[in-house]
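Asker: What would the 3D arrangement of this be:
(2 chains)
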Amino acid sequence: MSHVDPEQLAGLALDPTDGPADVREHAETCPECAGLVAAFTGVRRRAGADALVPPPAALRAQVLAEVRSGDAEPQPRSAPAGPARRRGVPLWLAGVAAALALLAGIGLGRIGTSGDDTPEAVEPPTGAGTVVAAAPLTALDSDAARGEAEAVQTDETFTIRVSASELGDEPGVHEVWLINVDGKRMISIGLLAAGDEGEFAVPMDLIDEGYRIVDISVEPDDGDPTHSGVSVARGELA
Amino acid sequence: MTIIPFPARGPRRYGDPVVTGAMAFEDEQDESVHVLASRLVDGDETALEEVYDRWSSLIHTYALRALRDSHDAEDVTQQVFVAAWRSRHTLTPSPAALPAWLVGIARHKVADLRAARARDADRLAAVVSLPGTHDDAIQAADDEVAERLVVRQAVEELPDPRRTIVFLAFWEERSHAEIAEKVGLPLGTVKSHVRRGLMKLHQQLEGVRHESR
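Answerer: Next up is the predicted model:
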């Protein structure tokens, strides 16, 4: 027989027993008709959503105002997205940003005093202090060795000393992070500025709070201060 | 009312072919949407107002369900209509084009906001526990929400008595006989309204699916 009238197929979608036998048989065996019955059934299944919720009345005027002001300027697109995004920045990220700002400051300081022969401005006297914890660093997708990290304590300071190796040649800078063992918090402690070694002074409280997993990431120069998600080495201080 | 199981073909996704020519049925399309889209493309600001009035609830509800945050939902709603205005030249007017297009923009805005949230907070989880991407599942859930809301809006836009009849049938799960008694129409008329209502909802949904990608 020829194809079934869609209205009859709609009826079958609502009640498979609703219709003459030959119509039902065709609708079961003809791929097109069966497909339409299935589509109708899918629509029926999607009925039942709660009523739509209108946005607050004031939003209409905001949209129209933005549209009108935007027409005057040729490139307004990025303006509204920025602030909306920044609202959700959590505290730890602010901490990372602050740490980066601090690093930048240190960097500038070093440039400013480059006449002095103090190339390792942040490095405490070598050999001083006690290694209170250490961790072998490994790759994440295997146990391949990637160097080691140590936590070194002196009377006044606490530093994380990283000596990494074979971090690969993915473009970007290597950033060192401490991840909390609770799996919920992390903080950047600095960059491996030259080579694969670096020392980072950190508040001892951090370690006590559980920031014991040393993580090295590759960070592209994309203006995004958060972890890139690409970790090349990791180890837990113990 | 019996609901037969969903077919084994797997869930349909946006962009699948719409009903084939042989299956095309009576066109009940609302030409006014087509006209409205044309006016928008031409830069008529009052068209944007009408577009907003007609679909802001749909977009807002979608954003609200997807993001579960009223502030973010308002942000996204505003961004969608502003973006719609600024990129109106990319719209090809057709009966289903407007809601499909707006939903498409909203999907992107929601995804952008999710990505921003992920960068801010969830990235740590990704870093600590490594891969486990569930983006597809989230997207599928979003699409399902969008489709249900499109169906809801399509019902609201049916002319009465069909709107009331379809609502009683699908939302309140009343039998055709109960509905016939309630609205005072013959059983056969009620049945026809329910079937044609379902066809119209299907047409709207297919239009949005077809055009939103």
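
Asker: Dihedrals phi and psi, residue B:201?
Answerer: Residue B:201 adopts backbone torsions of phi -60, psi -40, taken as degrees, to the nearest 10.

Asker: Next SSE downstream of the helix or strand of chain B with the lowest mean pLDDT?
Answerer: The weakest-scoring helix or strand in chain B, judged by mean pLDDT, DSSP states H and E, is helix B:123-129 (a mean of 58). Note on helix B:123-129: by DSSP states H and E, the next helix or strand toward the C-terminus is helix B:135-156.

Asker: Run through the neighbouring helices and strands of that following helix.
Answerer: Under the contact criterion of 3 or more Cβ pairs under 8 Å, 6 or more residues apart in numbering or on different chains; DSSP states H and E, helix B:135-156 touches helix B:45-67, helix B:97-117, helix B:162-166, helix B:187-211. Where C-beta positions appear, they are placed from N, C-alpha and C, glycine not excepted.

Asker: list the contacts for residue B:205?
Answerer: Going by Cβ atoms under 8 Å, 6 or more residues apart in numbering or on different chains, residue B:205 touches A:43, A:46, B:147, B:150, B:151, B:154.

Asker: Make a markdown table out of those residues and add distance to residue A:57 and neighbour count.
Answerer: Shown next, in a markdown table, are those (distance: Cβ to Cβ, whole Å; neighbours: other Cβ atoms under 10 Å in any protein chain shown):
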| residue | distance to residue A:57 | neighbour count |
| --- | --- | --- |
| A:43 | 32 | 26 |
| A:46 | 29 | 21 |
| B:147 | 27 | 22 |
| B:150 | 23 | 26 |
| B:151 | 26 | 25 |
| B:154 | 24 | 24 |
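
Asker: returning to that earlier point: could the helices and strands packed on helix B:135-156 go into TSV alongside mean pLDDT?
Answerer: As requested, the helices and strands packed on helix B:135-156 are exported to TSV (pLDDT from 0 to 100):
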stretch	mean pLDDT
helix B:45-67	93
helix B:97-117	87
helix B:162-166	93
helix B:187-211	88
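
Asker: Out of those, the one nearest residue A:236 is which?
Answerer: Residue A:236 sits nearest to helix B:97-117 of all these, at 27.6 Å, using Cβ to Cβ.

Asker: Phi, psi for residue B:87 please.
Answerer: Main-chain torsions, residue B:87, degrees, to the nearest 10: phi -110, psi 20.

Asker: Skipping adjacent residues, who's closest to the most centrally placed residue in chain B in space?
Answerer: Nearest to the mean C-alpha position of chain B, by Cα atoms, centre = their mean, lies residue B:150 at 2.5 Å. In space, residue B:150 comes closest to residue B:208 once its chain neighbours are excluded; the distance is 5.0 Å by Cβ to Cβ, 6 or more residues apart in numbering or on different chains.

Asker: State the distance from that neighbour to residue B:85.
Answerer: Going from residue B:208 to residue B:85 by Cβ to Cβ, to the nearest Å gives 20 Å.

Asker: Give me the more crowded residue out of these two.
Answerer: When neighbours are counted by other Cβ atoms under 10 Å in any protein chain shown, residue B:208 comes out ahead of the other of residue B:208 and residue B:85, with 27 against 22.

Asker: The more buried one: what's it in contact with?
Answerer: B:96, B:99, B:100, B:103, B:146, B:147, B:150.

Asker: Residue A:148 contacts residue A:133, doesn't it?
Answerer: No - contact criterion Cβ atoms under 8 Å: residue A:148 and residue A:133 do not qualify, at 11.2 Å.

Asker: quick check, residue A:8 in a helix?
Answerer: Yes - looking at residue A:8 with DSSP: H, G, I helix; E, B strand; the rest coil, it is inside a helix.

Asker: That one reaches residue A:22, doesn't it?
Answerer: No - contact criterion Cβ under 8 Å: residue A:8 and residue A:22 do not qualify, at 11.1 Å.

Asker: So between those two, which is more surrounded?
Answerer: More neighbours surround residue A:8 than the other of residue A:8 and residue A:22, with 20 against 10 (other Cβ under 10 Å).

Asker: how does chain A divide into domains?
Answerer: Listed domain ranges for chain A are A:6-45, A:58-88, A:93-236 (source: automatic domain parsing).

Asker: Can you say which of the ones you listed is nearest to residue B:56?
Answerer: Checking those against residue B:56 by Cβ to Cβ gives domain A:58-88 as the closest, at 7.2 Å.

Asker: neighbour-wise, which of the contacts of residue B:208 leads?
Answerer: Tallying neighbours with other Cβ under 10 Å puts residue B:146 at the head of the contacts of residue B:208, with 28 neighbours.

Asker: pretty sure it contacts residue B:102?
Answerer: No - assessed by Cβ under 8 Å, residue B:146 is found out of contact with residue B:102, at 10.3 Å.

Asker: can you pull the contacts of the nearest residue to residue B:58 once chain neighbours are set aside?
Answerer: Nearest non-adjacent residue to residue B:58, counting by Cβ to Cβ, 6+ apart: residue B:153, 5.1 Å away. Applying Cβ under 8 Å, 6+ apart, we find residue B:153 in contact with A:52, B:55, B:57, B:58, B:99, B:204.

Asker: ok, those vs residue A:58, which is closest?
Answerer: Residue A:58 lies nearest to residue B:57 out of the contacts of residue B:153, by Cβ to Cβ, at 14.9 Å.

Asker: how about the closest residue in space to that closest one that isn't next to it in sequence, phi and psi?
Answerer: Here the nearest residue to residue B:57 in space, its sequence neighbours aside, is residue A:52; by Cβ to Cβ, 6+ apart that works out to 3.9 Å. Main-chain torsions, residue A:52, degrees, to the nearest 10: phi -70, psi 150.

Asker: Next: the one 4 residues further on.
Answerer: Here the main-chain torsion angles of residue A:56 (degrees, to the nearest 10) amount to phi -60, psi 140.

Asker: How about it: what's its closest non-neighbour residue?
Answerer: Using Cβ to Cβ, 6+ apart, the nearest residue to residue A:56 is residue B:74, at 6.6 Å.
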